[in-house]
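In: Just the structure for this:
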Amino acid sequence: MMNWKRLPVVLGLSLLPALHAEEAQAEKGRIMLESGGQALIVRSAAIGNPATAFAQWLTPEAAAKFARLTADTFDGARSYELSDFFNTSLILAGAQQPDRGITAFYSPWQDAILLVRTTGSGVDRRGAEFAFLTGETFRGEKFADSLEVVTPEKAPLSVNLWRVYSGTVARFNALFPEKGGTADLSVLTAKLDPAAEFQRIRLRSAARTLLAKKLMTEACREGLAECLIALRALRNGNGELLGKIFGAQDKAGLIEPFEKFPPEIRKNIEPVFSLVAKDSALFGYINPGAPRFVFIVSVDQAGKFTLEWFDLDKSAVLLKAWEEAK
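Out: I've put the predicted structure just below:
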């Protein structure tokens with residue numbers, strides 16, 4: 001005969017594993033939100049003042065190392081190279097434990113990644129160790145002084161961005177999986193020369209800074225005007241204006257879906273890439289608050305504008321489609 005008095009106890013014991021698993025999952029979610037939220041705050045502050053942002057977030061020892069490593073990028077109190085890095089970076093969240101974790105800032109525009117091992121929890125979470133790497137080093141590729149994401153020649157800018165972003169995310173998820181991963185940077189730093197690696201990063205970051213400053217010169221006055229025409233259309237253009245600016249070259253049908261983009265994203269789009277030649281120009285735009293969405297405008301010799309836009313999170317799919325279509 002069933003002992004009905006024992007039934008609640010039996011049922012309670014049988015549910016304990018499920019309850020514990022649910023609690024563990026909830027705790028994991030809390031930690032991920034906590035670390036991700038902190039990274040967003042740090043990134044936002046670092047766009048304007050990277051020195052102060054990292055001096056406050058990193059432990060004193062790590063902050064001193066970061067300051068020494070990046071000192072040459074500063075012109076007075078401002079580092080255009082670091083501000084550009086954080087402005088164009090996306091946050092990657094890896095293995096997270098209650099008292100330690102891995103967070104990364106990755107800019108596909110510079111193809112550079114800053115990985116940070118954090119310690120502590122809650123408001124006491126701090127970056128205790130970091131590794132600032134070129135995308136090639138992080139992905140295990142040979143570094144060949146490539147400027148493809150700065151001055152694309154072998155492939156379109158969009159394809160270069162898809163390639164480096166999808167490869168970096170895949171490598172990050174393999175090294176620091178959220179489930180069962182460990183917060184350990186030693187696999188990347190054991191044989192690393194931080195200073196030499198950072199100089200490699202600066203090949204691209206300094207080149208981007210020079211191109212941005214070049215756009216503001218008298219010699220690039222026409223290119224600047226084209227950049228601003230496209231920017232006005234991207235931010236505020238209705239269907240009529242978008243069609244007028246980009247319609248003649250819209251073979252992929254990207255204008256109509258672009259009109260449906262949330263106004264809060266469009267209104268804060270800004271230029272982050274420029275490459276102006278004698279008879280053509282290429283511009284890249286993002287909203288720094290939502291940097292996964294990329295908008296690329298090219299201008300041909302006849303002055304016709306072409307718009308291309310995509311979600312970086314779809315990079316692997318887009319890259320595969322492009323390679324299959326070649």
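In: Low-confidence ranges, the stretch 201-326 of the chain, go.
Out: Residues of the stretch 201-326 of the chain meeting the criterion pLDDT under 70: none.
In: which residues of it fall in strands?
Out: Ranges of strands in the stretch 201-326 of the chain, per DSSP state E, counting those that start in this stretch, are 270-276, 281-287, 290-299, 305-311.
In: Could you do the stretch 51-200 of the chain as well?
Out: Assigned by DSSP E, counting those that start in this stretch, the stretch 51-200 of the chain shows strands spanning 90-97, 100-107, 112-119, 126-134.
In: For F246, grab the count of nearby residues.
Out: 22 (other C-beta atoms under 10 Å). The way it works is simple: take the backbone N, C-alpha and C, and place the C-beta from them, glycine included.
In: quick one: contacts for K251?
Out: The neighbourhood of K251, defined by C-beta atoms under 8 Å, 6 or more residues apart in numbering, contains no residues.
In: For it, what are phi and psi?
Out: Listed backbone geometry of K251 is phi -70, psi -30, with angles given as degrees, to the nearest 10.
In: how far away is it from D193?
Out: Distance, K251 to D193, using C-beta to C-beta, to the nearest Å: 47 Å.
In: sorry, back to before: any chance of the strands of the stretch 51-200 of the chain in TSV, plus mean neighbour count, mean pLDDT and distance to G223?
Out: Formatted as TSV, the entries for those read as follows, by neighbours: other C-beta atoms under 10 Å; pLDDT from 0 to 100; distance: least, C-beta to C-beta, whole Å:
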stretch	mean neighbour count	mean pLDDT	distance to G223
strand 90-97	18	87	27
strand 100-107	25	93	23
strand 112-119	24	96	26
strand 126-134	21	96	28
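In: Those: which one's closest to E61?
Out: Of all the strands of the stretch 51-200 of the chain, the one in closest proximity to E61, counting by C-beta to C-beta, is strand 126-134 (8.0 Å).
In: Keeping just the C-alphas, turn the closest one into PDB.
Out: The C-alpha coordinates for strand 126-134 follow below in PDB (Å, rounded to 0.1, in the frame of the first residue of the first chain):
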ATOM      1  CA  ARG A 126      37.800  43.900 -11.800                       C
ATOM      2  CA  GLY A 127      40.100  43.100 -14.700                       C
ATOM      3  CA  ALA A 128      43.200  41.300 -13.300                       C
ATOM      4  CA  GLU A 129      44.900  40.300 -16.500                       C
ATOM      5  CA  PHE A 130      44.600  41.200 -20.200                       C
ATOM      6  CA  ALA A 131      46.000  40.200 -23.600                       C
ATOM      7  CA  PHE A 132      45.800  42.700 -26.500                       C
ATOM      8  CA  LEU A 133      46.300  40.700 -29.700                       C
ATOM      9  CA  THR A 134      46.000  41.100 -33.500                       C
END
